[in-house]
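K.L.:
below: sequence and its predicted model.
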Amino acid sequence: MTIATLYAVCGVMLFGIGFYGVVICRHLLRKVISLNLMGSGTFLVLVALAHRTPDGQPDSVPHAMVLTGLVVSVSATALALASLRRFHRETQRTELSLHAERRGTDDA
Amino acid sequence: MTPELAMVGLITLPLAAGIIAFVVRRVAVVLTIVVASVQIVLAGHLAHSVFYQGRLRYEVGGWGAPLGIDLYVDGLSALMLLMTALVGLAIVVYSPSYFAHPRSHHSGEYFWPLCLFLFASLNALFLAGDLFNLYVTLELLTLTAVALIGLAGTVDALAAALRYLIVAVTASLFFLLGVALLYSSYGTVDLHLLATKFQFDLPSRCSIVLIAVGLLLKTALFPLHYWLPPAHAAAPSPASALLSGLVLKSSFYVLLRLWFDVFPYADLRLVGHLLGVLGATAILWGSIQAIRQTHLKLLVAYSTVAQIGYLFLVFSLTVETTMAWSGAVLFAASHSLAKAAAFLAAGSLKYAHDSDRIDELAGAAQRQPVTIFAFAIAGVGLMGLPPSGGFLAKWMLLNSAVTSGRWGYALVMLSGGVLAAIYVFRVVAKSFENIDPIASCPVATRPISPWMQWTPLALAVASLALGVLAYLPLGLLEIGAPFSPTSGGGTP
């Protein structure tokens, strides 16, 4: 197993742990952190894959993808945290319950 | 104007306008309406060029496929662009009076830039020629959609937006991991190059599963639909129309594009059947839930869950024929028009009554005849009665279900139509109930502006017209269709 494969496997494992957290954790902050963990796992896989060219030169395309992905991830996290704070301020809750918002009817 | 200019314009124009609309709030409404109108012209021009010149590819900055970002358009993309422009313009024209509601002055301000960003990301998605670009545009779309859901600012809306954000970002990461695996195997993310290199080995299987899971989450296929009804019901009605009419179609478009243009769909029969079965379940489950709802907007949202099911039948039906494929695309287009009309009509009723309880609709047919008429016509499209586009699309799907010997699907599709009739008639019948003018006090309703009355009707009539004029979209779809003999399949 090369170092690159090891990194890629670690990335996939991080992704898995993150996904587990998103599904299992009920606290919203934990969910957001888990999402970031999933993202980091994916980026690690991409970085590991950049090692793939035969002449030893790193492939720049996955690097560019990771940079773009990071920007997206930061924006999504910021939006999530802002909505979360607002949600907490309005309800004093840190968890979503599906049945409480089932009605989901108020608009405008 | 060259088609390349139209392609670039479709992305940059709404994006730039969105930024301006965010900074200079005063011009936002006018700017959005102008951009939405220009968008129609650009999309129409592009569709016209595709129809007469065939598929188009534009290398942005002249870099070319392996390194640069290519824009690509064929009949399918052109039709989706046209649909976005048409539904988008109708919603944009409808919205100023909706947001004039005294309770909504905050949400209205931000609706316009978000609407423009949504157009930009949708257009970019339909024009994207590579997987990574698809990921970026899907993510842009997600962030805009989250903001649109939370626009109302109520606790329900916030909770729905948060849930959607978590689901959609998870889905995007699944998609991105799939893309990463594909890139590691083939060294490219360009759809055309991938299609020529694709082999059905283990890493590719894993990436197909990852990508499919991500897209199914985003498209809300049963049983991954749980986030959709609260989200679409809690958003302001114009935003609901955008989400149900356009945003959901975008992830379905990506799946359709990958499945038939890039992946070896012939080797994916088993997964296809699974998607078909889930789709059939979605039709029944969504319709039954829609019938059970007490609020109009939730009813329309559950109807979306059901209608999404029809789209997924295509993965199980296709037997080397364009029939089911074109049927599914036509269904998506027809659903965009009908569902946007239904949500806008629901918005008008809610605006007038200050509530969207179905029980309180009695007498609405007398007070808001145009709106109820629009809802009923949209219902015809949702039920799939002739001459609507929904009917023709369903007929094409039925036809291929029967020719491929899948009678179960045919049965589900027919009963889906009956169930749709039940939930549409429930609303319409209630609105025709007379309230005794003496016994009950007159219901206080707010007057609805003509825009809010006639735009839903125009969209609903367009969904009917789609059935009559179906030869136009179907002709356009043949260009670059995966099974079409002229194109030889796939991307150029």
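P.N.:
Nice, I can see it.
K.L.:
burial count for whichever residue of the stretch 151-300 of chain B sits closest to chain A?
P.N.:
Nearest residue of the stretch 151-300 of chain B to chain A, counting by Cβ to the nearest Cβ: B:P230, 3.7 Å away. All C-beta spots, glycine's among them, are computed from the backbone N, C-alpha and C. B:P230: 27 surrounding residues under other Cβ atoms under 10 Å in any protein chain shown.
K.L.:
check which helix or strand covers it.
P.N.:
helix B:228-234 (DSSP states H and E).
K.L.:
which other helices and strands contact that helix?
P.N.:
Packed against helix B:228-234 by the contact rule (3 or more Cβ pairs under 8 Å, 6 or more residues apart in numbering or on different chains; DSSP states H and E) you find helix B:131-149, helix B:155-186, helix B:296-312.
K.L.:
which elements pack onto whichever helix or strand comes after the second one?
P.N.:
Scanning forward in sequence from helix B:155-186 by DSSP H and E, the next helix or strand is helix B:191-197. Under the contact criterion of 3+ Cβ pairs under 8 Å, 6+ apart, the helices and strands touching helix B:191-197 comprise helix B:155-186.
K.L.:
so, low pLDDT: which residues of the chain?
P.N.:
You didn't say which chain, so I picked chain A. For chain A, applying pLDDT under 70 flags the ranges A:1, A:52-56, A:98-108.
K.L.:
that's the other chain; I wanted chain B
P.N.:
Applying pLDDT under 70 to chain B picks out residues B:64-66, B:102-107, B:319-321, B:435-444, B:484-492.
K.L.:
just name the most buried of the helices and strands packed on helix B:228-234.
P.N.:
Stretch with highest mean neighbour count among these: helix B:296-312 (a mean of 27; mean count of other Cβ atoms under 10 Å in any protein chain shown).
K.L.:
check which helices and strands that helix is in contact with.
P.N.:
Checking 3+ Cβ pairs under 8 Å, 6+ apart, helix B:296-312 ends up next to helix B:228-234, helix B:237-242, helix B:248-257, helix B:269-292, helix B:322-353, helix B:389-403, helix B:407-432.
K.L.:
ok so, going back, hmm, the residue of the stretch 151-300 of chain B closest to chain A is touching B:A159, no?
P.N.:
Yes: proximity of B:P230 to B:A159 meets the contact threshold set by Cβ atoms under 8 Å, at 7.3 Å.
K.L.:
next to chain A, which bits of the stretch 1-150 of chain B? Give me the list.
P.N.:
B:67, B:98-99, B:101, B:103-104, B:107, B:132, B:135-136, B:139, B:142-143, B:146-147, B:150 (Cβ under 8 Å from any Cβ of the partner chain).
K.L.:
next, give me the two most distant ones among those.
P.N.:
B:L67 and B:R103 (51.0 Å; Cβ to Cβ).
K.L.:
for B:A376, what are its contacts?
P.N.:
Neighbour list for B:A376: B:424, B:428 [criterion: Cβ atoms under 8 Å, 6 or more residues apart in numbering or on different chains].
K.L.:
what do you get if the cut-off is 6 Å, keeping everything else the same?
P.N.:
B:V428 (Cβ atoms under 6 Å, 6 or more residues apart in numbering or on different chains).
K.L.:
you'd agree it is in a helix?
P.N.:
Yes: counting by DSSP: H, G, I helix; E, B strand; the rest coil, B:A376 is found in a helix.
K.L.:
quick check: it vs B:Y98, distance?
P.N.:
21 Å (Cβ to Cβ, to the nearest Å).
K.L.:
follow-up on the earlier one: can you list contacts of the helix holding B:P230?
P.N.:
A:101, A:104-105, B:149, B:156-157, B:160, B:164, B:220, B:240, B:243-244, B:297-298, B:301-302.
K.L.:
please apply the same query to stretch B:360-374.
P.N.:
With Cβ under 6 Å, 6+ apart as the criterion, stretch B:360-374 contacts B:341, B:345, B:348-349, B:352-353, B:430-433, B:435, B:445, B:453, B:456-457, B:460.
K.L.:
buried residues in it?
P.N.:
By neighbour count on 16 or more other Cβ atoms under 10 Å in any protein chain shown, the buried set for stretch B:360-374 is B:361-365, B:367-368, B:370-374.
K.L.:
now, those that are in helices?
P.N.:
If you go by DSSP state H, the buried residues of stretch B:360-374 have B:364-365, B:367, B:370-374 in helices.
K.L.:
burial of residue 88, as a residue count?
P.N.:
Went with chain A since none was named. A:H88 has 14 nearby residues by other Cβ under 10 Å.
K.L.:
actually it's chain B I care about, not the one you picked
P.N.:
29.
K.L.:
which element, helix or strand, includes residue 84?
P.N.:
I went with chain A, as the question did not name one. With DSSP H and E as the test, A:L84 turns up in helix A:60-91.
K.L.:
wrong chain, I was asking about chain B
P.N.:
helix B:75-98.
K.L.:
name the residues that touch that helix?
P.N.:
For helix B:75-98, using Cβ under 6 Å, 6+ apart, the contacting residues are B:29, B:32-33, B:36, B:39-40, B:43, B:46-47, B:50, B:119, B:122, B:126, B:238, B:241-242, B:245-246, B:253, B:333, B:336, B:340, B:344, B:347, B:449, B:451-452, B:455, B:459, B:473, B:476-477, B:479-480.
K.L.:
among those residues, which are located in helices?
P.N.:
B:29, B:32-33, B:36, B:39-40, B:43, B:46-47, B:50, B:119, B:122, B:126, B:238, B:241-242, B:253, B:333, B:336, B:340, B:344, B:347, B:451-452, B:455, B:459, B:473, B:476-477.
K.L.:
residue 42: how many residues sit nearby?
P.N.:
By default, I'm working from chain A. Neighbour tally, A:T42, other Cβ under 10 Å: 29.
K.L.:
meant chain B actually
P.N.:
B:L42 has 24 neighbours, counted by other Cβ under 10 Å.
K.L.:
chain A versus that one, what's the distance?
P.N.:
26 Å (Cβ to the nearest Cβ, to the nearest Å).
K.L.:
same question for B:G363.
P.N.:
In terms of Cβ to the nearest Cβ, B:G363 sits 20 Å off from chain A.
K.L.:
and for B:V329?
P.N.:
28 Å.
K.L.:
go on, B:I33?
P.N.:
20 Å.
K.L.:
follow-up on the earlier one: closest to chain A out of the ones in helices among the buried residues of stretch B:360-374?
P.N.:
B:T371 (16.1 Å).
K.L.:
not counting its neighbours along the chain, what's nearest that closest one?
P.N.:
B:S348 (4.6 Å; Cβ to Cβ, 6 or more residues apart in numbering or on different chains).
K.L.:
for B:L344, same thing?
P.N.:
Nearest-residue entry for B:L344: B:P456, 4.0 Å, with adjacent residues in sequence omitted and distances by Cβ to Cβ, 6+ apart.
K.L.:
that neighbour: what's it in contact with?
P.N.:
With Cβ under 6 Å, 6+ apart, B:P456 has these contacts: B:341, B:344-345, B:374.
K.L.:
for those residues, which one is nearest chain A?
P.N.:
Nearest to chain A out of those is B:L344 (Cβ to the nearest Cβ; 12.6 Å).
K.L.:
contacting residues around that closest one?
P.N.:
Contacts of B:L344 by Cβ under 6 Å, 6+ apart are B:94, B:241, B:456.
K.L.:
and for the second one, the neighbour number?
P.N.:
It stands for B:A241. B:A241: 32 neighbours (other Cβ under 10 Å).
K.L.:
ok, it touching B:A345?
P.N.:
No: with contact defined as Cβ atoms under 6 Å, B:A241 does not reach B:A345; the gap is 9.6 Å.
K.L.:
residues of stretch B:3-18 that come out buried?
P.N.:
B:3-4, B:6-11, B:13-15, B:17-18.
K.L.:
B:G214: which of the helices and strands packed on helix B:228-234 is closest?
P.N.:
Across these, B:G214 has its closest neighbour in helix B:155-186 (3.5 Å, Cβ to Cβ).
K.L.:
tell me the angle of that closest one relative to helix B:248-257?
P.N.:
Between the axis of helix B:155-186 and that of helix B:248-257 there is an angle of 20 degrees, by axes from the mean of the first three to the mean of the last three Cα atoms, to 10 degrees.
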